[in-house]
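Participant: quick check, what structure comes out for this input:
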Amino acid sequence: MGKVFAIMIAAGVPLTIAGSLLHWPSVVMFVICSATVIALSSYMGRATESLAIVVGPRVGGLLNATFGNAVELIISIFALKAGLVGVVLASLTGSVLGNLLLVAGLSFFMGGLKFKRQTFSVHDARHNSALLIFAVVVGFVIPEIFSMSMTEAKTLNLSIGISIVMIAIYLAGLFFKLVTHRGVYASEGNETHHEEVPEWGKNKAILILLAATAAVAYVAESLVHTFEAVGEQFGWSELFIGVIIVAIVGNAAEHASAILMAMKNKMDIAVEIAIGSTLQVAMFVAPVLVLISLLFPTPMPLVFTIPELVSMITAVFLAISISNDGETNWFEGLTLLAAYFIMGIGFYLL
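Facilitator: Sure thing, here's the model as predicted:
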């Protein structure tokens with residue numbers, strides 16, 4: 001598979017450049033750019049996996065989530081520049097749903113097929129549960145409720161204030177987990193602790209991460225320019241493009257890495273990727289995009305549609321219910337996947 005992705009990158013980047021210069025059809029460019037981003041994401045996933053072996057599961061999971069979300073952040077910035085605020089908000093919704101239901105669901109399902117019972121740190125699970133409720137239920141619902149009685153200018157100001165608070169709490173949460181309380185809650189997972197050799201050395205992994213991120217930044221701009229034309233041709237709404245297409249393409253690295261970790265019975269890393277990435281999207285990526293949008297003609301308030309909000313809240317409480325006991329199996333993974341497909345059908349029909 002590694003050779004396939006290498007060929008896709010070697011062909012995809014030059015083809016993206018050629019297609020942009022020669023103005024190839026939007027559908028062709030959409031396929032080329034999407035495939036190239038997914039291939040680049042796979043290399044980012046392999047690099048972060050190598051780093052995770054060196055620095056440990058918590059920091060490794062955080063690195064994976066950060067560089068996985070970097071792809072979506074880059075795509076979203078170009079979408080904001082193009083004035084596609086609806087696509088960006090929908091892609092944030094898609095990230096929350098994708099990480100909590102699709103990534104976690106596939107990880108639990110694939111890992112559960114190999115191991116009858118898999119466990120992970122119940123302390124981390126409960127800590128993340130409280131943050132999920134704060135991030136999605138408080139951080140996203142409050143702007144929606146208050147915006148009903150506010151002007152657009154006041155709603156934007158409210159969104160800016162909430163964004164600053166969310167970023168501060170997210171950074172404080174990292175300080176809590178990685179500094180003041182690092183090692184206080186020891187992992188209770190049943191992971192196999194044998195000496196592993198990383199695929200790439202530390203310096204090589206960092207170099208690949210930086211190079212892949214730079215390549216994604218270029219390809220993402222071309223990808224964003226295809227959204228409107230492709231949406232019109234296939235009858236896809238901005239909501240569907242953002243919730244399903246952008247979220248899956250943008251989070252490809254995390255999807256692959258979390259599933260791989262679960263199949264190796266490294267559930268602490270798998271859960272950290274799925275849940276940690278959701279928290280990062282809600283508490284850091286979304287607020288940062290609100291602040292960055294102020295640089296463009298069309299600023300983005302942190303106000304989602306009712307279907308988006310209800311879907312995210314449902315996903316949060318379902319994920320909390322399944323993960324709070326610190327163990328999982330294939331049937332619980334299947335339940336999360338079923339919820340994702342039900343919501344996907346709904347967004348497609350909208």
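Participant: distance check, residue 99 against residue 335.
Facilitator: Going from residue 99 to residue 335 by Cβ to Cβ, to the nearest Å gives 16 Å. C-beta coordinates here come from the backbone N, C-alpha and C atoms, glycine included.
Participant: between these two, who's got more neighbours?
Facilitator: For residue 99 versus residue 335, neighbours defined as other Cβ atoms under 10 Å are more numerous around residue 99 (31 against 17).
Participant: now the more buried one, nearest residue through space, not along the chain?
Facilitator: residue 278 (4.3 Å; Cβ to Cβ, 6 or more residues apart in numbering).
Participant: list the buried residues for the helix or strand hosting the one you found?
Facilitator: Element membership for residue 278, per DSSP states H and E: helix 267-280. Counting neighbours by 16 or more other Cβ atoms under 10 Å, one finds that the buried residues in helix 267-280 are 267-280.
Participant: how many neighbours does residue 131 have?
Facilitator: By other Cβ under 10 Å, neighbour count at residue 131 equals 19.
Participant: quick one: secondary structure of it?
Facilitator: Secondary structure state of residue 131, per DSSP: H, G, I helix; E, B strand; the rest coil, is helix.
Participant: against residue 180, how distant is it?
Facilitator: 16 Å.
Participant: picking up where we left off before, show me what the helix holding residue 278 is packed against.
Facilitator: helix 57-81, helix 85-97, helix 104-114, helix 122-132, helix 152-175, helix 252-263, helix 306-323 (3 or more Cβ pairs under 8 Å, 6 or more residues apart in numbering; DSSP states H and E).
Participant: and that helix, how far from the chain's centre?
Facilitator: On the basis of Cα atoms, centre = their mean, to the nearest Å, helix 267-280 sits 10 Å off its chain's mean C-alpha point.
Participant: same check, this time on stretch 244-253
Facilitator: Using Cα atoms, centre = their mean, the offset of stretch 244-253 from its chain centre is 7 Å.
Participant: what's it in contact with?
Facilitator: Contacts with stretch 244-253, where a contact means Cβ atoms under 8 Å, 6 or more residues apart in numbering, come from 34, 37-38, 41-42, 44-45, 48, 64, 67-69, 71-72, 75-76, 79, 87, 90-91, 93-95, 97-99, 102-103, 223, 227, 236, 255, 277, 344, 347-348.
Participant: could the helices and strands packed on helix 267-280 go into a markdown table alongside mean pLDDT and distance to residue 241?
Facilitator: Listed next are the helices and strands packed on helix 267-280 as a markdown table, based on pLDDT from 0 to 100; distance: least, Cβ to Cβ, whole Å:
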| stretch | mean pLDDT | distance to residue 241 |
| --- | --- | --- |
| helix 57-81 | 76 | 10 |
| helix 85-97 | 90 | 6 |
| helix 104-114 | 93 | 22 |
| helix 122-132 | 86 | 25 |
| helix 152-175 | 92 | 22 |
| helix 252-263 | 78 | 16 |
| helix 306-323 | 93 | 13 |
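Participant: return the set of buried residues in the longest helix that the chain contains.
Facilitator: Using DSSP state H to define each element, the chain has its longest helix at helix 26-55. Neighbour counts over helix 26-55 (16+ other Cβ under 10 Å) mark 26, 29-30, 32-53 as buried.
Participant: and that helix, what does it pack against?
Facilitator: helix 2-22, helix 57-81, helix 202-224, helix 227-234, helix 247-250, helix 252-263.
Participant: tell me the angle that helix makes with helix 57-81.
Facilitator: Inter-element angle recorded for helix 26-55 and helix 57-81: 160 degrees (by axes from the mean of the first three to the mean of the last three Cα atoms, to 10 degrees).
Participant: just to revisit the earlier point, nearest to residue 240, of the buried residues of helix 267-280?
Facilitator: Among these, residue 278 lies closest to residue 240 (Cβ to Cβ), at 20.4 Å.
Participant: tell me how far the closest residue to residue 142 other than its chain neighbours lies from residue 282.
Facilitator: Nearest non-adjacent residue to residue 142, counting by Cβ to Cβ, 6+ apart: residue 162, 6.7 Å away. In this structure, residue 162 and residue 282 are 11 Å apart, going by Cβ to Cβ.
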